[in-house]
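Enquirer: sequence plus predicted model, see below.
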Amino acid sequence: MSNIDGLVKDSVKNMAPSGIRKYFNLINEMEDVISLGIGEPDFITPWQIREAAIYSIEKGHTHYTANAGMKELRSEISKYIKKHYNLDYNADNEILVTVGASEGIDLPLRAILEKDDEVIIPEPSFVAYRGCVEASGGKAVPLVLEEEDKFKIIPKELEKVITKKTKAIIIPFPNNPTGSIMTNDELKGIVDILKDKDILILSDEIYSRLTYGVKHASIASFEEIKDKVIYINGFSKSHAMTGWRLGYICCHKDLLAHMKKIHQYTLMCASTVSQYAGLEALKTCDENVEKMVEEYNRRRKYMVKGFRDMGLSCFEPEGAFYVFPNITSTGLSSDEFCERLLKEKKVLVVPGSAFGQSGEGFIRATYASSLDTIKEAIKRINEFIKELK
């Protein structure tokens, strides 16, 4: 019999599976589960976006586009990020339309990493960062974000993990799973450390439109480091377009040219119908986004209060659509808490440990669910907490 496993490269064999996946497998075997686990808007994609996609098909726009994406879409992206974040990127050679922001994370890492190059990943953070780094042959170096620091990057702590092998750092704000943000003044401290170093910066800003009472700040807005920033964004979270798989990268043209080669060979181009949908989203849907943010804010306030009323410490998120309550007072590990809550009360939340070791002692719950769903979930979680005592 062939040694199939021996044909798989070690970096992939040693890669841990997502710490979230087993919980979704469990709920497939259960009925009447309330899920606060999936980071996906419960809103349907706005009608004018769906209509634009339907019309593009009716018009016969079903062929490949340019590898970098439709010129009209790239031009609209350039206008959009200038309007909302005051960022300047040339549509001709500094913007690449990707298959979701997920490809936007993977492409740069595949383009830059050699064996044992180090990538600093602030944690807790999105589960895919570590996997993409390791699949590309790099080494993920965690930078622990503390609750007492509002889960922000502290410059002196960043300096401690930079080595001669550091090739890149990921800046993931607003943050999944904590909901933390970084202000312009706070980013300045990071910029001062990185501006004279040959370290690339992957800035994942997929939640940039989802902030509450504070304006989003981008590290790409600092001219002294702009050439080293790879700006990543997309449509999934802001425009309720997760299934459309549409994102984009903006960066220096010399960097983008190399990433585009990988994109050409592996994906060719993002879905044509999704690109027409994205074009409409950028042109006409600011009001839709604002209404969704207003609703998320209502849910955010209710959920934070709900966890605090249970006696749990709960950092108040300022971005994204997650809360990250501290459950150490229960005496349970994150996994134990989530497994028991699911089995005993049929509520799905995600263990903080899925987002890095520093997430142990926390759980992630999303408020991208209806307020009625959230109210019932909070009621059941409160019952669970009381029964532990």
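Expert: Okay, I see it.
Enquirer: stretch 280-299: which residues count as buried?
Expert: 280-282, 285, 288-289, 292-293, 295-297, 299 (16 or more other C-beta atoms under 10 Å). The way it works is simple: take the backbone N, C-alpha and C, and place the C-beta from them, glycine included.
Enquirer: list just the nearest of those residues to Pro46.
Expert: Lowest distance from Pro46 to the buried residues of stretch 280-299 (C-beta to C-beta) belongs to Asn288, with 4.4 Å.
Enquirer: for Arg110, helix, strand, or coil?
Expert: helix (DSSP: H, G, I helix; E, B strand; the rest coil).
Enquirer: which residue is the nearest non-sequential neighbour of it?
Expert: Closest residue to Arg110 apart from its sequence neighbours, by C-beta to C-beta, 6 or more residues apart in numbering: Ser136 at 5.0 Å.
Enquirer: where's the one you found relative to Lys13, distance?
Expert: 15 Å (C-beta to C-beta, to the nearest Å).
Enquirer: between the two, which is the more surrounded one?
Expert: Comparing Ser136 with Lys13 by other C-beta atoms under 10 Å, the one with more neighbours is Ser136, at 20 against 9.
Enquirer: point out where the stretch 151-300 of the chain drops to low pLDDT.
Expert: For the stretch 151-300 of the chain, no stretch has pLDDT under 70.
Enquirer: hey, where'd the strands end up in it?
Expert: Under the criterion DSSP state E, counting those that start in this stretch, the stretch 151-300 of the chain contains strands at 166-171, 200-204, 229-234, 247-250.
Enquirer: what strands flank the shortest one, and is each parallel or antiparallel?
Expert: For strand 247-250, the pairing partners within the sheet under DSSP bridges are strand 95-98 (antiparallel), strand 229-234 (antiparallel).
Enquirer: would you format those as JSON lines with distance to Ile49 included?
Expert: Formatted as JSON lines, the strands paired with strand 247-250 follow (distance: least, C-beta to C-beta, whole Å):
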{"stretch": "strand 95-98", "distance to Ile49": "16"}
{"stretch": "strand 229-234", "distance to Ile49": "14"}
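Enquirer: got TSV for those, with mean neighbour count and distance to Glu205 too?
Expert: Converted to TSV, these look like this (neighbours: other C-beta atoms under 10 Å; distance: least, C-beta to C-beta, whole Å):
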stretch	mean neighbour count	distance to Glu205
strand 95-98	26	14
strand 229-234	27	5
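Enquirer: got phi/psi on Phe362?
Expert: Main-chain dihedrals, Phe362, degrees, to the nearest 10: phi -130, psi 160.
Enquirer: ok, it - contacts?
Expert: 124, 177, 324-327, 334, 351-352 (C-beta atoms under 8 Å, 6 or more residues apart in numbering).
Enquirer: with Arg209 instead?
Expert: Taking C-beta under 8 Å, 6+ apart as the test, what Arg209 contacts is 84, 216, 237-238, 289, 293.
Enquirer: again, 7 Å this time
Expert: By C-beta atoms under 7 Å, 6 or more residues apart in numbering, the contact list for Arg209 reads 238, 289, 293.
Enquirer: quick one: it from Gly331, how far?
Expert: Taken as C-beta to C-beta, the span from Arg209 to Gly331 is 39 Å.
Enquirer: likewise for Lys9?
Expert: From Lys9 to Gly331 the distance is 41 Å (C-beta to C-beta).
Enquirer: and Ser274, by the same measure?
Expert: 47 Å.
Enquirer: so which of the two has more stuff around it?
Expert: Ser274 (24 against 10).
Enquirer: isn't His252 right up against Ile230?
Expert: No. In this structure His252 lies outside contact range of Ile230 using C-beta atoms under 7 Å: 8.6 Å.
Enquirer: and the helices in the stretch 251-389 of the chain, which stretches?
Expert: 253-266, 272-284, 286-309, 334-345, 371-388 (DSSP state H, counting those that start in this stretch).
Enquirer: list of residues touching the shortest one?
Expert: Surrounding helix 334-345, the residues in contact under the criterion C-beta under 7 Å, 6+ apart are 23, 26, 327, 330, 347-353, 359-363, 380-381, 383-384.
Enquirer: let's go with 6 Å and repeat that
Expert: 327, 347-349, 351-353, 360, 380, 384 (C-beta atoms under 6 Å, 6 or more residues apart in numbering).
Enquirer: which two of those residues have the greatest separation?
Expert: Farthest apart among the contacts of helix 334-345 - using C-beta to C-beta - are Glu360 and Arg380, which lie 23.2 Å from each other.
Enquirer: in which helix or strand does the closest residue in space to Met15 that isn't next to it in sequence reside?
Expert: In this structure, Met15 finds its nearest non-sequential neighbour in Glu134, 5.1 Å apart by C-beta to C-beta, 6+ apart. Element membership for Glu134, per DSSP states H and E: helix 128-135.
Enquirer: C-alpha coordinates for that helix, CSV please?
Expert: Only the C-alpha atoms of helix 128-135 are listed here, as CSV (Å, rounded to 0.1, in the frame of the first residue of the first chain):
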residue,chain,number,x,y,z
ALA,A,128,-6.6,31.5,9.4
TYR,A,129,-3.5,33.7,9.9
ARG,A,130,-1.5,31.0,11.6
GLY,A,131,-2.6,28.3,9.1
CYS,A,132,-1.7,30.4,6.1
VAL,A,133,1.7,31.3,7.5
GLU,A,134,2.5,27.7,8.2
ALA,A,135,1.2,26.4,4.9
